[in-house]
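> what shape does this take:
(2 chains)
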Amino acid sequence: MSCFTQVSITPSIHIPPNSNYNNPKSHHRKQTITLLQKCKNVNQITPIHSNVIKNGQQHDQFIIFEFLRVCSKCDAIDYTLKIFQQTQYPNVFLYTALIDGLVFSGLYSHGIRIYVEMIENFIFPDNFVISSVLKACVIGLDLRMGREVHTQAIKLGFCSNRSVRLKLMELYGKNREFEDMKRVFDEMPERDDVALTVMISSYLDHELLSRASNIFDMVKVKDTVCWTVMIDGLVRNGKMNKALEYFRQMQREAVRANEVTVVCVLSACSQLGALELGKWIHSYIENYDLKINHFVGSALINMYSRCGSIDEAERVFKTMKDREVSTYNSMIMGFALNGKSLNAVELFQRMIEEGTKPTNITFVGVLTACSHGGLVDFGFEIFQSMQIDHCIEPQIEHYGCIVDLLGRVGRVKEAYKFIQNMKVMPDYIIWGSFLNACKIHKKFELGDHAAKILLNHGYTDTGTYVLVSNFYSSFGKYEEALLVRSKLKESDLEKEPGCSSIEVNNEIHEFFLGDIRHPQKKEIYKKLVEMEKRLRFEGYYPQLDVVSQDIMDHEKERALAIHSERLAICYGLISTEPLSTIRIVKNLRVCSDCHTMIKLVSKITNRKIIMRDRNRFHHFENGSCSCADYW
DNA sequence: CGACACAGAC
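Predicted coordinates for the structure are as follows:
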């Protein structure tokens, strides 16, 4: 729209003389343009194109402009390029439309080339094309070219234009050139809240949280985008609770959330396992008529799946009309994570039948489902079909699933051979998965071999040290286990402290090992002691070999007794309605002793306990767990 | 005008 006004006010010298917007042909032109603007896909565009050629309108730059825009919008960038190439004297507006289209399709460096070509063809730039090429530089992180455009823009006098300035700020901000960004900002004639938002976003991109929040406080009128930038930035920097705090403040200040905002907040909810707040967002979406587009839909499905409410996730999935690959991906992964392997596989097959093209992520999901569900043959079939029928090269993640698949059912030797024949180098996760299989299926030699590879190559994390140590102590080799522990201490790796959280009354309560910070700590520990007593009565006795430190047994017992998940569960028991489901999120893997204990707790308290650990869900009910004790 | 989700194995 705005381009049009511009076009009719200042026609470019390259527009043929008969193309004035208000000439007698303009009725025809308007009709064609209206038709084009209604197009939703490329199949609707082609007949219009042939009509245009038949009517001799193919050189009408207004029409070509609309063609370029609509083709790009319909994801038909090849067609955009073809039409542009057939244009005899493209003017600056057509160049702009093409560059925008290329950027939209992710072909930003091509967009930059087109701009250079335009300059070489002596076409004089304007504010619009400068903004567009700067956008290409921003997305492509092409600082050098961006600076060149900046210099050129100064010479030609385009730098007083607001959108050029905003793009320049973005260019420098994304490239960490904060001094240059501020310089552009300081040259702006009046305080500009959008420019401040650009700065906030840039600081958050580079993990400068306090700088970002200082600028945020300076913004006079914080609109939806400004709040969203802040919330999203906090989420991306791992500050979920902080993000939710900002979201609550946003509500108090009565600023409406839009689709983007809720996607960010839902992401925070799913990472925290904050089901109650997630549900609240869902009803917010419905109450305020936000569109459940594929971003929002995926975010909802993901939130419910990662909060263990797989039925709710499925309900959302079913109500969505237009599903994209990402929608299926979220749902398939959700089923896989929640131990619903068959549903995952079924959905995968249905999506293929419906003609949706799977991506590599789809296969990660469905292969995970196969490995968690012990569907060995089917998993292999999919792995083959991925390469043959869908032409997707397996990545390390896919190989990882297969190693897990074989290891899980005890085909450890085959897993070993498979690792040796992979087209990629095995990483510590592959060897870790293999080692876990060796531990569970009591294959010492192969496991010992894997453990040595893990320790010698140094490509590892703290979890791997713990795993190797546990492997040795499960064979009674306590000296080796201790040695590994001491190696971990020597290494510079910082051990991530185990943390379990539970949401009660819309608030997330976090517990660390032996935590005594909670205001209700007395009641929590009282409950813990009570549980211990009742569990002993049920025949529970702590598995001491999981704690392979060199300490006395009773101390080991105490160390186990205060694992963070136990505290979180006890808090859940005292602060929620009897018989209601308890949901716990843990940042690390649950240890096997806690796993045993939680099974019993679910039985004696008659509660469902849903626990998300680092990798997957455990649904505990009446003394057993959905993972069938393999995780 | 500035902001966007889904990603495995230990």
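> next SSE downstream of the helix or strand of chain A at the bottom of the mean pLDDT ranking?
For chain A, using mean pLDDT, DSSP states H and E, the weakest element among its helices and strands is helix A:2-9, scoring a mean of 31. Note on helix A:2-9: by DSSP states H and E, the next helix or strand toward the C-terminus is helix A:26-37.
> list the buried residues in that following helix.
Judged by neighbour count (16 or more other Cβ atoms under 10 Å), helix A:26-37 contains these buried residues: A:R29, A:T32, A:I33, A:L35, A:L36. For every residue, glycine as well, the C-beta is placed using N, CA and C.
> ok and the residue in the stretch 101-250 of chain A nearest DNA strand B?
A:V194 (2.8 Å; Cβ to the nearest atom of the strand).
> from A:S500, how far off is that residue?
Relative to A:S500, A:V194 is positioned 42 Å away (Cβ to Cβ, to the nearest Å).
> next, count neighbours for A:M218.
12 (other Cβ atoms under 10 Å).
> neighbouring contacts of the longest helix along chain A?
Identified as the longest helix of chain A according to DSSP state H is helix A:521-537. Residues from elsewhere that reach helix A:521-537 (Cβ atoms under 8 Å, 6 or more residues apart in numbering): A:515, A:518, A:561-562, A:566-567, A:570-571, A:573-574, A:597, A:600-601, A:604.
> what about the helices in the stretch 101-250 of chain A?
A:108-120, A:127-139, A:143-156, A:162-174, A:178-186, A:193-205, A:209-218, A:224-236, A:240-252 (DSSP state H, counting those that start in this stretch).
> please convert these to TSV, extending it with mean pLDDT and distance to A:M351.
Listed next are these as TSV, based on pLDDT from 0 to 100; distance: least, Cβ to Cβ, whole Å:
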stretch	mean pLDDT	distance to A:M351
helix A:108-120	93	31
helix A:127-139	94	30
helix A:143-156	94	41
helix A:162-174	94	36
helix A:178-186	95	44
helix A:193-205	94	34
helix A:209-218	94	40
helix A:224-236	94	28
helix A:240-252	91	31
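> what helix or strand does the residue most central in space within chain A sit in?
Centroid-nearest residue in chain A: A:S267, 7.8 Å away (criterion: Cα atoms, centre = their mean). Per DSSP H and E, A:S267 falls inside helix A:259-272.
> distance from the chain centre to the longest helix of chain A, please.
39 Å (Cα atoms, centre = their mean, to the nearest Å).
> ok, stretch A:417-425 next?
Per Cα atoms, centre = their mean, the centroid offset for stretch A:417-425 relative to its chain is 28 Å.
> end-to-end on it?
Stretch A:417-425 has an end-to-end distance of 13 Å (Cα to Cα, to the nearest Å).
> what residues are up against A:I112?
For A:I112, the contact set (Cβ under 8 Å, 6+ apart) comprises A:V133, A:A136, A:C137, A:G140, A:D142, A:M145.
> look up phi and psi at the fourth one.
This points to A:G140. Here is the backbone geometry of A:G140 (degrees, to the nearest 10): phi -80, psi 0.
> now it, nearest residue through space, not along the chain?
A:Y108 (4.0 Å; Cβ to Cβ, 6 or more residues apart in numbering).
> now the helices for the stretch 501-631 of chain A?
Counting by DSSP H, counting those that start in this stretch, the helices of the stretch 501-631 of chain A are A:521-537, A:553-561, A:564-575, A:592-605.
> the ones you listed: which one's closest to DNA strand B?
In terms of Cβ to the nearest atom of the strand, the element of the helices of the stretch 501-631 of chain A nearest to DNA strand B is helix A:592-605, at 11.4 Å.
> tell me what angle that closest one forms with helix A:564-575.
Orientation of helix A:592-605 against helix A:564-575 (axes from the mean of the first three to the mean of the last three Cα atoms, to 10 degrees) gives an angle of 20 degrees.
> by contact count, what packs against helix A:592-605?
If you count contacts as 3 or more Cβ pairs under 8 Å, 6 or more residues apart in numbering; DSSP states H and E, helix A:592-605 packs onto helix A:521-537, helix A:564-575, strand A:609-612, strand A:617-621, strand A:624-625.
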